[in-house]
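1. Show me the folded form of this:
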Amino acid sequence: MLSLTIFIAWGCSRSSRAASDVSFVLASDPQPPRVGHNTFTVTLTSQAGQPVPGAHVSLEGDMSHPGMSPAFADAKEIAPGKYQAGLDLNMLGDWTIIAHIQLPSGRTFDRETKFQNLQPN
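-> Residues are numbered from 1 along each chain as shown. Model (predicted):
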């Protein structure tokens with residue numbers, strides 16, 4: 001219950017199944033993300049700080065208003081524990097990037113990051 005409370009307090013991550021033994025970091029290029037093409041890098045590490053290779057990571061970009069089509073991309077592992085994908089965030093406004101992660105063990109979880117007020121390039 002404590003880890004759930006921490007996730008809610010942080011407000012930027014959500015888990016469909018607890019994965020407190022895996023650290024998740026999402027970085028964007030450009031930083032902060034802008035309207036148009038953005039490259040996102042997901043870094044997964046174990047509690048011991050070791051990379052988590054061999055995961056399947058897909059990204060979903062959702063707009064805050066209803067009726068907008070989401071953007072999807074499968075990430076490629078570019079180094080052990082680092083996964084990268086491009087998403088076209090094609091409108092001004094608030095976006096949520098959801099990382100859908102499947103570890104090599106088969107365990108799955110999601111992480112959510114919100115970006116507010118995306119601006120044009």
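2. Which elements pack onto the helix or strand that contains D88?
-> If you go by DSSP states H and E, D88 is part of strand 82-89. Counting contacts by 3 or more C-beta pairs under 8 Å, 6 or more residues apart in numbering; DSSP states H and E, strand 82-89 is packed against strand 36-46, strand 56-63, strand 71-74, strand 76-79. In short, each C-beta sits where N, CA and C put it, glycine included.
3. Tabulate these in JSON lines, adding columns for mean pLDDT.
-> Output for those, formatted as JSON lines (pLDDT from 0 to 100):
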{"stretch": "strand 36-46", "mean pLDDT": "97"}
{"stretch": "strand 56-63", "mean pLDDT": "97"}
{"stretch": "strand 71-74", "mean pLDDT": "97"}
{"stretch": "strand 76-79", "mean pLDDT": "98"}
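4. who wins for proximity to M91 among those?
-> The minimum distance between M91 and the helices and strands packed on strand 82-89 falls on strand 56-63, with 6.3 Å, by C-beta to C-beta.
5. Which strand residues bridge the residue positioned nearest the centre of the chain?
-> In the chain, the residue lying closest to the centroid (C-alpha atoms, centre = their mean) is A99, at 3.5 Å. Beta-bridge partners recorded for A99 (DSSP bridges): L59, R111.
6. remind me which residues of this protein are low pLDDT?
-> 1-19 (pLDDT under 70).
7. Tell me who's in contact with the closest residue to T45 other than its chain neighbours.
-> Excluding the flanking residues, the one nearest T45 by C-beta to C-beta, 6 or more residues apart in numbering is S23, at 4.6 Å. Counting by C-beta atoms under 8 Å, 6 or more residues apart in numbering, S23 touches 43-47.
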